[in-house]
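**Q** Take this sequence and fold it.
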Amino acid sequence: MIASSGNKGDDIRSDCYIEISLQPDGENYVNLQSRVESMYGNSIRKLCLEILDFFGIKNAKVEITDKGALPFVIAARLEAAIHQVMNTDKAYLLPLASKNKKTTDRNIRRRSRLYVPGNNPKLMLNAGIYNSDAIILDLEDAVAPDKKEDARYLVRNALRALNFYGINFRWD
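**A** Model prediction:
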């Protein structure tokens, strides 16, 4: 069985497309197509192998077409694909960014709200620059029905990794 997650095409930015297939034998293999492979290829492969190991997968072939995706996007896309090929309740959680550990005051006035599609990492990355009082990562009307499950993983990872006023997450 082959499972996939993400978006592909010439106009895609800050995202990736991942296909995973479980092989009858062998070891995990990650094939990466990316313009930034020379700089971040080893880090991307390491992240993917770490996620596969977390889920106990030993014989997967992973194909990644990267269009500038950050680690939280790659992790979400790979986890969404994994959940399509195997039945598990496990969740691969990225570290919680230190700036996201603070709670906000419930009495703050929120005059403006910015709705961002939950399946578009490019828009999530820039959401904080508009200085709205609230950012809503939309999983309903803004996301196509067949992309909703993928979007849930992406939104969860974005809430853990981004502070929406700049990117906390970076490659090691």
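
**Q** The nearest residue to Phe164 once chain neighbours are set aside and Arg110, how far apart?
**A** Distances taken as CB to CB, 6 or more residues apart in numbering put Gly128 closest to Phe164, at 3.8 Å, once the chain neighbours are dropped. Placement of C-beta: from N, CA and C, glycine included. For Gly128, the distance to Arg110 equals 15 Å [CB to CB, to the nearest Å].

**Q** what about the two, which has more around it?
**A** Per other CB atoms under 10 Å, whichever of Gly128 and Arg110 has more neighbours is Gly128, with 16 against 9.

**Q** wait, that one sits on Ile135?
**A** Yes - in this structure, Gly128 is within contact of Ile135 by CB atoms under 8 Å, at 7.2 Å.

**Q** Need the overlap of contacts for these two.
**A** Phe164 (CB atoms under 8 Å, 6 or more residues apart in numbering).

**Q** contacting residues around Ser4?
**A** Contact analysis of Ser4 by CB under 8 Å, 6+ apart lists 17-20, 81, 84.

**Q** and which of those is nearest Arg35?
**A** Tyr17 (14.2 Å; CB to CB).

**Q** List the buried residues for the one helix or strand in the chain whose mean pLDDT sits lowest?
**A** The least trusted helix or strand in the chain, going by mean pLDDT, DSSP states H and E, turns out to be strand 134-138, with a mean of 87. Across strand 134-138, burial judged by 16 or more other CB atoms under 10 Å covers 135, 137-138.

**Q** for the chain, longest helix please?
**A** Ranked by residue count and defined by DSSP state H, the top helix of the chain is helix 37-54.

**Q** Show me which positions of that helix end up buried.
**A** Within helix 37-54, the residues that count as buried by 16+ other CB under 10 Å are 40-41, 44-45, 47-49, 51-52.

**Q** to the chain's geometric centre, what's the distance from the next helix or strand after that helix?
**A** Using DSSP states H and E, the next helix or strand after helix 37-54 towards the C-terminus is strand 60-67. Relative to its parent chain, strand 60-67 has a centroid offset of 13 Å by CA atoms, centre = their mean, to the nearest Å.

**Q** So which elements touch strand 60-67?
**A** strand 15-22, strand 29-33, helix 37-54, helix 71-85 (3 or more CB pairs under 8 Å, 6 or more residues apart in numbering; DSSP states H and E).

**Q** Let's see that with 10 Å instead.
**A** Strand 60-67 is packed against strand 2-6, strand 15-22, strand 29-33, helix 37-54, helix 71-85, with contacts defined by 3 or more CB pairs under 10 Å, 6 or more residues apart in numbering; DSSP states H and E.

**Q** Cool, thanks, talk later.
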